[in-house]
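1. pasting the sequence and the predicted model now:
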Amino acid sequence: MTRGFLFDLDGTLVDSERETAEAMARALLKGQEIVVEQYDKDFIIGRSWVAIYESLRERYPQMTWSRDEIILATSKMRDEVFDDHGITVLPGAREVLQWTARHPRALVTGSSRIEVMQVLPRIGPEANFDVIFAAEDVPRSKPHPDGYHAAIEKLALRPEHCLVVEDSVNGIAAGREAGCLVVAVRAGNFGGWDQSNAHVVIDTLVELTPALVEGLFASYGAGPG
């Protein structure tokens, strides 16, 4: 039986949400003369651009940008912020991406595709996925399972043979709803999300080993890989 691995990006593999928040604030100030509040920066953590844009549109009715326009403006500013501050690859991420490379693998994220392609090269060559589903690729964002359903179908796998790796409460809910096993990682959970709905919670991706994965599948009925 083939195992599939479905990874979230921000808060799971990298810590770039705070850089995104800063980039969004700079973009709105420069392009719309809007000074966002700390609430708006904090709201980004663990949420997709669908939810972020809806919140901004409600809080700042004077904003004229479309969702695509704010994503593009933010992505341009992110390069500037990354140059200023760099990007943090979370502990164990590169190692997990190395050993899971022999399995079918997808990235399912609430970030835009532009943002994804900014971040993955900064992780390294191991951040190469068979399938990527970003915010604009699905009709509904997490906690809806649309992205995970699409990735599982594209990989031609069964949900019960897939492991989702997440950090946020919405991501965990989406993975569970999709019928997958879900591992939650504490290291990037800067939003303080409740992770108790995951099948197992680990401190860092260093703990996500082949032995742990096989033990999880055995415990929850998927059988040996």
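-> Happy to help now that I have it.

2. buried ones in the longest helix seen in the chain?
-> Looking across the chain with DSSP state H, the single longest helix is helix 67-85. The neighbour-count check on helix 67-85 (16 or more other C-beta atoms under 10 Å) flags 67, 70-78, 81-82 as buried. Using the backbone N, CA and C atoms, a C-beta is placed for each residue, glycine as well.

3. what's the helix or strand that comes right after that helix packed up against?
-> Toward the C-terminus, helix 67-85 is succeeded by strand 88-89 as the next helix or strand (DSSP states H and E). If contacts are counted by 3 or more C-beta pairs under 8 Å, 6 or more residues apart in numbering; DSSP states H and E, strand 88-89 sits against strand 14-15.

4. centre of the chain to the strand it packs on, how far?
-> 9 Å (C-alpha atoms, centre = their mean, to the nearest Å).

5. what is the mean pLDDT for that strand?
-> Rounded to a whole number, the mean pLDDT of strand 14-15 is 92.

6. then stretch 51-68?
-> 96.

7. what stretches of this protein score poorly on pLDDT?
-> 1, 222-225 (pLDDT under 70).

8. how about the helices in it?
-> 17-32, 38-43, 49-59, 67-85, 93-99, 113-123, 146-155, 169-177, 210-219.

9. packed most tightly, which of those helices would that be?
-> helix 169-177 (a mean of 24; mean count of other C-beta atoms under 10 Å).

10. who does it touch, helix- and strand-wise?
-> helix 146-155, strand 162-166, strand 181-185.

11. got a markdown table for those, with distance to residue 135 too?
-> Output for these, formatted as a markdown table (distance: least, C-beta to C-beta, whole Å):
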| stretch | distance to residue 135 |
| --- | --- |
| helix 146-155 | 9 |
| strand 162-166 | 16 |
| strand 181-185 | 20 |
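
12. break the protein down into its domains, please.
-> Annotated domains of the chain cover 4-15+88-219, 17-85 [automatic domain parsing].

13. got TSV for the helices of the chain, with distance to residue 196 too?
-> Formatted as TSV, the helices of the chain follow (distance: least, C-beta to C-beta, whole Å):
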stretch	distance to residue 196
helix 17-32	21
helix 38-43	22
helix 49-59	22
helix 67-85	32
helix 93-99	22
helix 113-123	28
helix 146-155	19
helix 169-177	9
helix 210-219	16
